[in-house]
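[1] Sequence and predicted model, in that order:
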Amino acid sequence: MRIAVTGTTGQVTCALREAGKGADLDIFHLGRPDLDLTRPDTLLPALKALAPHILVSAAAYTAVDRAESEPELAFAVNATGAGALAQAAAVLGVPIIHLSTDYVFDGTKPSPYAETDPTGPVSVYGASKLEGERRVAAATADHVILRTAWVYSTFGNNFVKTMLRLGETRSLVDIVADQSGCPSSAHDLAKVIIAMAEKLCGDKDPALRGIFHVAGSGEASWAQFAQAIFATLEARTGKTVSVRPISTAQYPTAARRPENSRLDCQKLERLYGLRMPDWHGSTETVVKALIDGRGDKTQ
Ligand SMILES: NC(=O)c1ccc[n+]([C@@H]2O[C@H](COP(=O)([O-])OP(=O)(O)OC[C@H]3O[C@@H](n4cnc5c(N)ncnc54)[C@H](OP(=O)(O)O)[C@@H]3O)[C@@H](O)[C@H]2O)c1
């Protein structure tokens, strides 16, 4: 099976490439300048050359705070670009798995969000991703919109790397404790995406299409997530870093974040038989890899 993935250095793109190694899969990544989501004319030619069996749309404008001052660029990539990519998939006659986000919700629901819950983004990034979902769905029925959350890995930029960097110089960090979510390892996510791709290519069942939620099992606040990261750091190196829980109001950011980012992933389990592992073990694996120098620590 040939899988084309958008993006070059992105967390999910890199994790997919890693997961594909050794498996009976050809995973190709396509990024700028050959494939640029702000230049829809680049999409079809770049994809045609690869003749993929399925497309994974993992590239996105992901700078959540910067999007507040760059809404045109965020929408160009996440809405117009995503829609054009889905149109290209339709022309090629292949399914598309499009990555989306928990930030399409307003976060006021007291329990985990299901696929059928009403959306209501509270940031430009969330609004641009929601518009992308709509455009993907309008472009082709042969799509999966895969919403995930709080992604971390040994690749790219993420919360785990930020905590380890802070831990190099500090023994106490203030971390927001009143937002909850499901930390999701891109390495676990890549395995789920590959299993979904294999199923989608061989099964035309409409029930396998549409919106799905996928995230690490369990839940945490950012402060609890940080505590778990520092617990592994301490066990591995002896270095102690304490977490002081603070409120969102004490840590102002350009973009608002949903208070509740937890995703209910039962639909994925019911229809695909897939479930991501508990986030504690996956976080420990990623932290250990980064401490031992097995990850890309430069970014
Ligand atoms: N990170 C999270 O916590 C999180 C949470 C929920 C959902 N998601 C979604 O999950 C997906 C993957 O996220 P991620 O964390 O892997 O993202 P990431 O590490 O920030 O990587 C983003 C990727 O998008 C590419 N990109 C940006 N603008 C582009 C353009 N104009 N044309 C082509 N490629 C472009 C980047 O290309 P270069 O390689 O050239 O820089 C990079 O490969 C995204 O759809 C994101 O919205 C992420």
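    Nice, thanks for sending it over. Keep in mind that this is a model prediction, so the values were computed, not measured. Numbers count the residues shown, from 1 in each chain.

[2] Spit out the contact partners of Ser123.
    By CB atoms under 8 Å, 6 or more residues apart in numbering, the contact set of Ser123 is Val64, Ala67, Glu68, Tyr103, Ala255, Arg256, Arg257. Placement of C-beta: from N, CA and C, glycine included.

[3] make it 6 Å
    Ala255, Arg256 (CB atoms under 6 Å, 6 or more residues apart in numbering).

[4] ok, now how distant is it from Thr248?
    According to CB to CB, to the nearest Å, Ser123 stands 13 Å off from Thr248.

[5] where does the stretch 51-200 of the chain come near the ligand, residue by residue?
    Contact residues (CB under 6 Å from any ligand atom) of the stretch 51-200 of the chain with the ligand: 58-62, 77, 99, 101-102, 129, 148-151, 156.

[6] tell me which of those residues is nearest to Thr6?
    Ala59 (3.8 Å; CB to CB).

[7] what helix or strand is that closest one on?
    For Ala59, there is no host helix or strand (DSSP states H and E).

[8] pLDDT score for it?
    On the pLDDT scale, Ala59 is placed at 98.

[9] which stretches of the stretch 1-150 of the chain have low pLDDT?
    Within the stretch 1-150 of the chain, the stretches with pLDDT under 70 are 22.

[10] returning to that earlier point: so which of the residues of the stretch 51-200 of the chain next to the ligand is the most crowded?
    For these, counting by other CB atoms under 10 Å, the largest number of neighbours falls to Lys129: 31 neighbours.

[11] The residue nearest to Leu43 when sequence neighbours are not counted in helix, strand or coil?
    Nearest residue to Leu43 in three dimensions, chain neighbours excluded: Ala88, at 4.6 Å (CB to CB, 6 or more residues apart in numbering). Classification of Ala88 by DSSP: H, G, I helix; E, B strand; the rest coil places it in helix.

[12] For Ala88, give me its contacts.
    Counting by CB under 6 Å, 6+ apart, Ala88 touches Leu43, Leu44, Leu47.

[13] would TSV of the residues you listed with neighbour count, secondary structure and distance to the ligand be doable?
    As requested, the contacts of Ala88 are exported to TSV (neighbours: other CB atoms under 10 Å; DSSP: H, G, I helix; E, B strand; the rest coil; distance: CB to the nearest ligand atom, whole Å):
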residue	neighbour count	secondary structure	distance to the ligand
Leu43	24	helix	9
Leu44	17	helix	14
Leu47	22	helix	12
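
[14] burial of Val136, as a residue count?
    Val136 has 25 nearby residues by other CB under 10 Å.

[15] ok, the contacts of Ala88 vs Ser111, which is closest?
    Leu43 (38.2 Å).

[16] roughly how far apart are that closest one and Arg2?
    17 Å.

[17] what's the answer for Val124, then?
    35 Å.

[18] next one: Asn157
    For Asn157, the distance to Arg2 equals 29 Å [CB to CB].

[19] and if you look at Lys21?
    In terms of CB to CB, Lys21 sits 15 Å off from Arg2.

[20] what about those two, which has more around it?
    Shown here are Lys21 and Arg2; by other CB under 10 Å, Arg2 has more neighbours (14 against 8).

[21] In this structure that one contacts Leu55, no?
    No: with contact defined as CB atoms under 6 Å, Arg2 does not reach Leu55; the gap is 10.1 Å.

[22] got the residue ranges for the helices in the protein?
    11-20, 43-50, 71-75, 82-92, 124-139, 159-169, 186-202, 222-237, 266-272, 279-291 (DSSP state H).

[23] what's the closest of the ones you listed to Ile211?
    Closest to Ile211 of the helices of the chain is helix 124-139 (CB to CB; 7.4 Å).

[24] Show me what the closest one is packed against.
    helix 71-75, helix 82-92, strand 96-101 (3 or more CB pairs under 6 Å, 6 or more residues apart in numbering; DSSP states H and E).

[25] ok, and what's touching it?
    Residues contacting helix 124-139 (CB under 6 Å, 6+ apart): 64, 67-68, 71, 74-75, 78-79, 82-83, 86-87, 90, 98, 100-101, 103-104, 119, 121, 143, 145.

[26] Please indicate which of those are buried?
    Buried members of those, scored by 16 or more other CB atoms under 10 Å, are 64, 67-68, 74-75, 78-79, 82-83, 86-87, 90, 98, 100-101, 103-104, 119, 121, 143, 145.
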